[in-house]
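Asker: Provided below are the primary sequence and the corresponding predicted coordinates.
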Amino acid sequence: MSQKLLITGGFCAFLLFLMGASYLLTNYNINTVPKDTSAENNADLPADDGSKSDDGEWEVYTGETYKLSYPQDLSLEAGEVSDGGQEILLKGKHGSTNYTIELQVLDNTTSSVVDIHELFRSFKYQEENIVMGGLETKIFSGKIDKPWEKAVAVEYKGNIYKLQFSYESEQQSPQMEEIFRQVIDRFSFI
C-alpha cells in the first residue's frame, strides 16, 4: 500500500512540475536587448551600464538592486516573466556545448526561496552551502534527462533572485560549471 502511495505521490508531483513548466513556457516573453541600445527604448528594463570588470574579460549588467557580472563573450537578453518578474538570459558556448545562465527576479509574493529549494530537492539534486550577494543560501546541482543544471536562490528586499545554469552534455563539465561559480561569486546587491 505504501509503495502505491509513493508512486501516486511521485506521479502527482511530476504532473505539477509539468503544468508549472508549461505555464512558464507559454507565458514567457523575452526581448533581445543589444548591448548598445539607448536607454529611452528600454525605459522599463534595468539599465546595463556596460562597464567591465578590472580584468577586462567580464561585463557588468546593473539592475535596480543588483549587479550581474558575466564573461564578455556571452550574449545578453533582458525580458519579463509573465507574472511581472524580470529575467536576464546569458547565452554562451564552451567548445561545442551551448550553455545558459538565467537570472530571474521575482516578487516574494509569487515565489519563495523555500519553494525553489524544495523543487530542486524533489529532483534529488545535490545540495551544498554557498554565498550569493553576501547572503548564505544553497546551491543545487544535478541532471534530469539531458540538461545538467545548477541553481541558487536568495531573497533580498522583497524579491527572490534565482540564478540558474544549464547545459546539455553526456559528461559533466567542471570548466563550464566554474564559469557559473564565478558569476555567483561576482553577483552583488546595490
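Answerer: On my side now, so go ahead.
Asker: and Ile116, that one's in a helix?
Answerer: Yes: under DSSP: H, G, I helix; E, B strand; the rest coil, Ile116 sits within a helix.
Asker: Begin at 18 from now on, thanks
Answerer: Fine by me, first position is 18 from now on; the one you just mentioned is Ile133.
Asker: Disregarding residues adjacent in the polypeptide, which is nearest to it?
Answerer: Spatial nearest neighbour of Ile133, chain neighbours left out: Ala170 (4.3 Å); criterion: CB to CB, 6 or more residues apart in numbering. Glycine gets a C-beta too; all of them are placed from N, C-alpha and C.
Asker: Just the element for that neighbour, please.
Answerer: strand 164-173 (DSSP states H and E).
Asker: Helices of the protein, start to end?
Answerer: Listed in chain order, the helices of the chain (DSSP state H) span 19-43, 130-139, 191-203.
Asker: give the contact list for the closest residue to Pro164 other than its chain neighbours.
Answerer: Spatial nearest neighbour of Pro164, chain neighbours left out: Ser183 (4.5 Å); criterion: CB to CB, 6+ apart. Contacts for Ser183 (CB atoms under 8 Å, 6 or more residues apart in numbering) come out as Tyr116, Thr117, Glu119, Pro164, Trp165, Glu166, Lys167.
Asker: State the number of residues packed around the residue nearest to Ile133.
Answerer: 25 (other CB atoms under 10 Å).
Asker: thinking it is in contact with Leu180, fair?
Answerer: Yes: contact between Ala170 and Leu180 holds when scored by CB atoms under 8 Å: they sit 7.4 Å apart.
Asker: In contact with the residue nearest to Ile133, which residues?
Answerer: So Ala170 contacts Val130, Ile133, His134, Thr154, Ile177, Tyr178, Lys179, Leu180 (CB under 8 Å, 6+ apart).
Asker: who wins for neighbours among those?
Answerer: Within the contacts of Ala170, Tyr178 tops the neighbour count with 26 neighbours, counted by other CB under 10 Å.
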